Each structure stands twice: as C-alpha cells, then as structure tokens.
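In: here you go, sequence then predicted model.
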2 protein chains.
Amino acid sequence: MNVQEVIDRVLLDSCGGRKLEKTCDVLISGEPDMEVKGIVTSFMATVDVIREAIAVGANMIITHEPTYYTGFDELEWLRKDPVYLAKQKLIEDHGIAIWRYHDHMHLANTDRIYDGLIKELGWESNRIDQSSPWCYEIEKTTLVDLASFFLQKLSMNVLRIVGNPDMTCSRIGILVGGGSLGLGREQMPMELMRDKELDVMICGEITEWTLCAYINDAAMLGFHKGMLIVGHERTEEWGMKHMAEWLRKLVDGIPVTFVDAKEPFRYL
Amino acid sequence: MNVQEVIDRVLLDSCGGRKLEKTCDVLISGEPDMEVKGIVTSFMATVDVIREAIAVGANMIITHEPTYYTGFDELEWLRKDPVYLAKQKLIEDHGIAIWRYHDHMHLANTDRIYDGLIKELGWESNRIDQSSPWCYEIEKTTLVDLASFFLQKLSMNVLRIVGNPDMTCSRIGILVGGGSLGLGREQMPMELMRDKELDVMICGEITEWTLCAYINDAAMLGFHKGMLIVGHERTEEWGMKHMAEWLRKLVDGIPVTFVDAKEPFRYL
C-alpha cells in the first residue's frame, strides 16, 4: 500500500471521499507512491515524534497540526532557517512521508478530534445536543474537582483555571484546539456559554482579553461561571491516539503506532 | 479638569497630539465633559479594578485592554448579556468614565508599554537596537535562572518554559501582549529570533503551533533556543503602573492610582 492509498482510505472513511479544495491537509514530505512500512499518528510531527517513528520502523507520519510552524506550513521564509534545514534533513535522511490530516478530520461525519477526547473522558453519553460536540451535561461537581478530573484523565501536571474553584457545575462546554479562539468570531465562546447556559468552558488556545476576561468578570460579579485552560495539544492529542485504532482497520496490516507529541512547554 | 482634557493631555504627551482615525482608543463609558476627581490606570478595567477605583474615590479609569471582551469592545452581541448588564450597572451607578489607551500608547515616541516593563526589569541600558524595544543583551545566564528572574520581577508564581532549562543565554527578545502572535504575520517572532540571533524569546500571548513548536523543535535538535511564556497581562501591566507616574505630572494634582488587574487565571 502506498502513501496515496492510505490518504484516500482515510478520506473515504472520514468524509465519504469528499475533498476540500482549499485545505492545509497536504503531503508535507515524501511522495504519494512511496510504499508504507509503518504509520505513526500524532498531534504534531515534532523532532521527537519523527525520531520515535524512525525507532519503530514507520515511514509515514499522520500529523494533525503543522510541521513547519505556520497554519499552512509556508516554506518561503524558512529556506535558509537552520532549524528547518536540520528537521528537513532528518525527515529526508530517513525517507519519512508526512501527511497533515486536520481539516478533513474535523469535517468527518463526526469530528474525530472530539470523538477521541470524549472517549478519553468517558463522556460519550453526556452530550447535550447530538448535532454538536461542544456541550455536555455531567453529574454535579465543583470546578476544582473537574480540574482534577482533567489533570488525571489527560495526564497533565498543571492547568489554568478561571473562576471560583468551589463553584458547582454540571453543564460543560468544550472547544478544542484553536476552536476556543472563536473560529473567526472572538465572542463565539461567550455566546455559546450564554446561549447553552454552560457553567464551565474547557479550552484549547486562549487570549487573555476575550473569554478569560469574560469569565473572570462573571466570577467577580458572583455568577457561577468557570473555565479550564487545558491547551491546544492536550485537547487534541486524543483524537490522534484513537485514530491509531480506527486506522488499523483500514490499512491491511500495516503497523500503526500512536506517539504522544506532548505539550510544547513545561510549567515552572 | 474634565475627561476630554485628560485624554487630550495624554495624547499630546505621548504622540504629540497625533490621533489615529481607526482606533480602539475610545471612551467606553462616561462623558467627555465629566469633571475628573481621580484617575486609576490598569491593564484592564475588570470588575475588581472598577471596585478598587470606586474605593479610592476615582471616577476615571484608563485601561489598556478592552472592557467588554473583544478587541474593539463591540456591544451588539452583549445587549442582553447578564455579565455585561451587571458590569455596566456597576459602572453607571458610580459614574465611572473608562477610556481605552492602547494604540496611542504603543505608538508613542517610545512604546510606553515596553518602557514600563523595561523599567521594571531594570534593562534600560541593555537594549541592542535603539530603534526597537524588542531585543536586549544581558549578562550570560541560564534559561532557568532567567525564568526565576522573571517570576520574581513580575510577581508571578508560575510561568511556562520551552527549551533546555540549563542552556546559557544572553540575547533576549521580548514581544509583549498580543505582539508575540506576530502582529498579523505568524512567522514574525521566529524571523526576529533568527535574524537578531536571539537565544530566548519572552512572550505575551502564544499559540502552540507557531513559536512554541519552533523553539521546541530547535531544542530537540540541540540548538540553544528557549522561550518563556509570561502572558499578556504580566508583560503589559507594568506600562500602566509606570503610567501613573508620568500621568501625575500632566493632570494638575488630580490623584492618580495604579491598580494591578492581575492575571485572569490561576495555575492549578
């Protein structure tokens, strides 16, 4: 099976073969006709993820996020960049094909990034609205206990919290990855919280002047509103973890390994 | 002295009276002809900052960032929002004028947000390029010691770090607030690091797929590159702290008080 056949089967399985015209889902390295010996799925093809792929004998990486540091993996500015050149050499020396699977993963019959996270949390039966993966109703808990649940479930040491830790909550919103920036509309996460009467929003990326500020003010005014900032990678990695399972069924025995890209930063 | 006179003196002092046509620097509440009894400067007019202004008898707040959760303080989506209505009532009940001083503060003869931060750090004589506030050369230190320095100087308990904590560094970049998102060009912070041969970048806002990913890969490849994520508020609050000092000289004895808006989140 070659790289293009793997891509085609993934797209057929997730979107019925529908292909977006403008998309970041392109082959970042390698050739479509390369024979695939093993596949690694990961949130991001970091240098460590590439090394791990080499170690397990894989020559194709399916990455959710960019390999080269901008939304569309632009290369012009990187032509003479030493970090780029060293990473590209590592990839070429080991003949690794890297395919980005982002837009079509979110556009699948069900958003497969959310599917993975929700499976990881065990919240499959808690969805409020079957047409959207954003809102969940759970047994009443406190914000601080919900934070502990996320720390444990998503293997984190630290997360950021806004609001009164002792507030009770049961209606929870989740906006993974860059979605918590509002998908082009800064107020979207706040409108969602208000319109769906959510107590807590779980976020990927944030900016301090939007939802953070809203929840902070709400808490100061005595509203029972809270927020947990889990981060981009920690909210989306699980879609790639669970991808390894469903991908295995599509690729005729090619070994598929999930590699955790891990958070890019540490808390100090 | 009324609100408009305070605004005019600030704009004259910082930009020689130059006024941008399209700007977020508008009067968010109150009237231009209100008599000013006291002024509070702060990174953001949060509910707690407003309460503190009331407590010290001030009726004008000069805020760097939005009061109502979007870059341009849009109100249409908030008309029936309970958080907005409660905050607006607090402001109206106490007759508080809120003026945003953002664009003109960054555009001043020297960027006064950077001026405050650099004063706070004691790095006034470390600037590499006199025409830009972005690059500094300091005595050789390690990334982890630099992190400790920032934690202490900026009164923080936790920050995020990318790179090898033991790497040495002396050429430091600083991109405060939203500037670390690249000012419309995602690759700008990385180009700056490369072109100015910076060892470490100090950041306000971040996204995980851009500079974080670049530094993370660089560190994995053995380059001596690091990053400290200080956050938006912690990088910009100091400009508003030092503003209280220079503003005092412009407002004919009206009391001026700096109020720390504090980070919107806590680390758990």
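Out: Perfect, I can see it now.

In: domain parsing for chain A?
Out: Following automatic domain parsing, one gets these domains for chain A: A:3-108, A:112-233.

In: could you export the ones you listed as JSON lines, including mean neighbour count?
Out: Just so you know, the C-beta spots here come from the backbone N, C-alpha and C atoms, and that holds for glycine as well. Converted to JSON lines, those look like this (neighbours: other C-beta atoms under 10 Å in any protein chain shown):
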{"stretch": "domain A:3-108", "mean neighbour count": "18"}
{"stretch": "domain A:112-233", "mean neighbour count": "20"}
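
In: three-state assignment of the most centrally placed residue in chain A?
Out: Nearest to the mean C-alpha position of chain A, by C-alpha atoms, centre = their mean, lies A:E236 at 2.0 Å. Put simply, A:E236 is helix when judged by DSSP: H, G, I helix; E, B strand; the rest coil.

In: again, but for A:G116
Out: Quick answer, by three-state DSSP: A:G116 is helix.

In: picking that back up, wait, which of the domains of chain A is closest to B:V47?
Out: Among these, domain A:112-233 comes nearest to B:V47, with 3.8 Å by C-beta to C-beta.

In: chain center to the closest one, what's the gap?
Out: The chain centroid and the centroid of domain A:112-233 are separated by 15 Å, computed with C-alpha atoms, centre = their mean, to the nearest Å.

In: would that domain count as contacting chain B?
Out: Yes - for domain A:112-233 and chain B, the contact criterion (C-beta under 8 Å from any C-beta of the partner chain) is met by A:144, A:147, A:151, A:158-162, A:165, A:178, A:186-187, A:190-191, A:194, A:205, A:207-218, A:220-221, A:223, A:225, A:227, A:229, A:231-233.

In: what sits up against the host helix or strand of A:S148?
Out: A:S148 is part of helix A:143-153, with elements assigned from DSSP states H and E. Here helix A:143-153 makes contact (C-beta atoms under 8 Å, 6 or more residues apart in numbering or on different chains) with A:120-122, A:141, A:156-159, A:161, A:163-167, A:169, A:172, A:200, A:202, A:226, A:228, A:230, B:268.

In: ok, now with 10 Å
Out: With contacts defined as C-beta atoms under 10 Å, 6 or more residues apart in numbering or on different chains, helix A:143-153 is touched by A:117, A:120-123, A:138, A:141-142, A:156-170, A:172, A:199-200, A:202, A:219, A:224-228, A:230, A:234-235, A:238, B:268.

In: residue ranges for the helices of chain A, please.
Out: In chain A, the helices defined using DSSP state H lie at A:3-15, A:47-55, A:82-93, A:103-106, A:112-121, A:143-153, A:188-195, A:211-220, A:232-248.

In: any chance of these in TSV, plus distance to B:Q88 and mean pLDDT?
Out: Below are the helices of chain A laid out as TSV (distance: least, C-beta to C-beta, whole Å; pLDDT from 0 to 100):
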stretch	distance to B:Q88	mean pLDDT
helix A:3-15	45	97
helix A:47-55	48	98
helix A:82-93	48	98
helix A:103-106	36	98
helix A:112-121	35	98
helix A:143-153	26	98
helix A:188-195	15	97
helix A:211-220	11	98
helix A:232-248	33	98
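
In: picking up where we left off before, from the contacts of helix A:143-153, which land in strands?
Out: Residues from the contacts of helix A:143-153 lying in strands, with DSSP state E as the criterion: A:138, A:141-142, A:160-162, A:168-170, A:172, A:200, A:202, A:226-228.

In: could you check how far the residue nearest to the centre of chain A is from A:E263?
Out: From A:E236 over to A:E263 the distance is 11 Å, taken as C-beta to C-beta, to the nearest Å.

In: between those two, what contacts are shared?
Out: Common contacts of A:E236 and A:E263, defined by C-beta under 10 Å, 6+ apart, comprise A:F43, A:V230, B:E208.

In: got the residues you listed as a markdown table, with pLDDT columns?
Out: Below are the shared contacts of A:E236 and A:E263 laid out as a markdown table (pLDDT from 0 to 100):
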| residue | pLDDT |
| --- | --- |
| A:F43 | 98 |
| A:V230 | 98 |
| B:E208 | 98 |
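
In: distance to A:E74 added to those residues, as a markdown table?
Out: Converted to a markdown table, the shared contacts of A:E236 and A:E263 look like this (distance: C-beta to C-beta, whole Å):
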| residue | distance to A:E74 |
| --- | --- |
| A:F43 | 20 |
| A:V230 | 28 |
| B:E208 | 17 |
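
In: which of these lies closest to B:S14?
Out: Closest to B:S14, out of all of those and judged by C-beta to C-beta, is B:E208, at 34.5 Å.

In: does the closest one touch A:V176 like I think?
Out: No - using C-beta atoms under 10 Å, B:E208 makes no contact with A:V176, being 11.9 Å away.

In: what touches both of the two?
Out: Jointly contacting B:E208 and A:V176 under the rule C-beta under 10 Å, 6+ apart are A:G204, A:E205, A:G231, A:H232, A:R234, A:E236.

In: excluding its backbone neighbours, what's nearest the last one?
Out: What it means is A:E236. A:G177 (4.7 Å; C-beta to C-beta, 6 or more residues apart in numbering or on different chains).

In: repeat that for the fifth one.
Out: Computed as C-beta to C-beta, 6+ apart, the closest residue to A:R234 that is not its neighbour in sequence is A:L154, at 5.1 Å.

In: and the gap between that neighbour and chain B?
Out: Here the criterion is C-beta to the nearest C-beta, to the nearest Å. By it, A:L154 lies 13 Å from chain B.

In: residues contacting the residue of the stretch 51-200 of chain A found nearest chain B?
Out: Residue nearest to chain B within the stretch 51-200 of chain A (C-beta to the nearest C-beta): A:R160, separated by 4.1 Å. Going by C-beta under 10 Å, 6+ apart, A:R160 touches A:147, A:203, A:206, A:212, A:227-231, A:267, B:158, B:160, B:231, B:263-268.

In: per-residue pLDDT of A:G122, please?
Out: A:G122 carries a pLDDT value of 98.

In: before we move on, what about A:S131?
Out: pLDDT at A:S131 comes out at 88.

In: and the gap between it and A:T110?
Out: A:S131 sits 10 Å away from A:T110, going by C-beta to C-beta.

In: how about A:E186?
Out: Taken as C-beta to C-beta, the span from A:E186 to A:T110 is 27 Å.

In: start to end distance for stretch A:195-209?
Out: 20 Å (C-alpha to C-alpha, to the nearest Å).

In: likewise stretch A:198-212?
Out: 15 Å.

In: kindly report the same for stretch A:248-265.
Out: For stretch A:248-265, the first-to-last residue distance is 31 Å (C-alpha to C-alpha).

In: just confirm yes or no for that stretch near chain B.
Out: Yes - residues of stretch A:248-265 contacting chain B under C-beta under 10 Å from any C-beta of the partner chain: A:A261, A:K262, A:E263, A:P264, A:F265.

In: and A:K225, what does it touch?
Out: Shown in contact with A:K225 (C-beta under 10 Å, 6+ apart): A:143, A:162-164, A:167, A:169, A:190, A:193-194, A:198-201, A:211, A:214-219, B:82-83.

In: what about 7 Å?
Out: A:G163, A:D199, A:I215, A:A218, A:A219 (C-beta atoms under 7 Å, 6 or more residues apart in numbering or on different chains).

In: the spatially closest residue to it that is not a sequence neighbour and B:I172: what is the separation?
Out: Nearest non-adjacent residue to A:K225, counting by C-beta to C-beta, 6+ apart: A:A218, 3.9 Å away. From A:A218 across to B:I172, the span is 37 Å (C-beta to C-beta).

In: and the residue of the stretch 1-150 of chain A found nearest chain B, how far is that from A:K87?
Out: In the stretch 1-150 of chain A, the residue found nearest to chain B is A:V47; the distance is 3.8 Å by C-beta to the nearest C-beta. In this view, A:V47 and A:K87 are 6 Å apart by C-beta to C-beta.

In: intersection of neighbour lists for those two?
Out: Counting by C-beta under 7 Å, 6+ apart, the common neighbours of A:V47 and A:K87 are B:D217, B:L221.

In: understood, closing this out.
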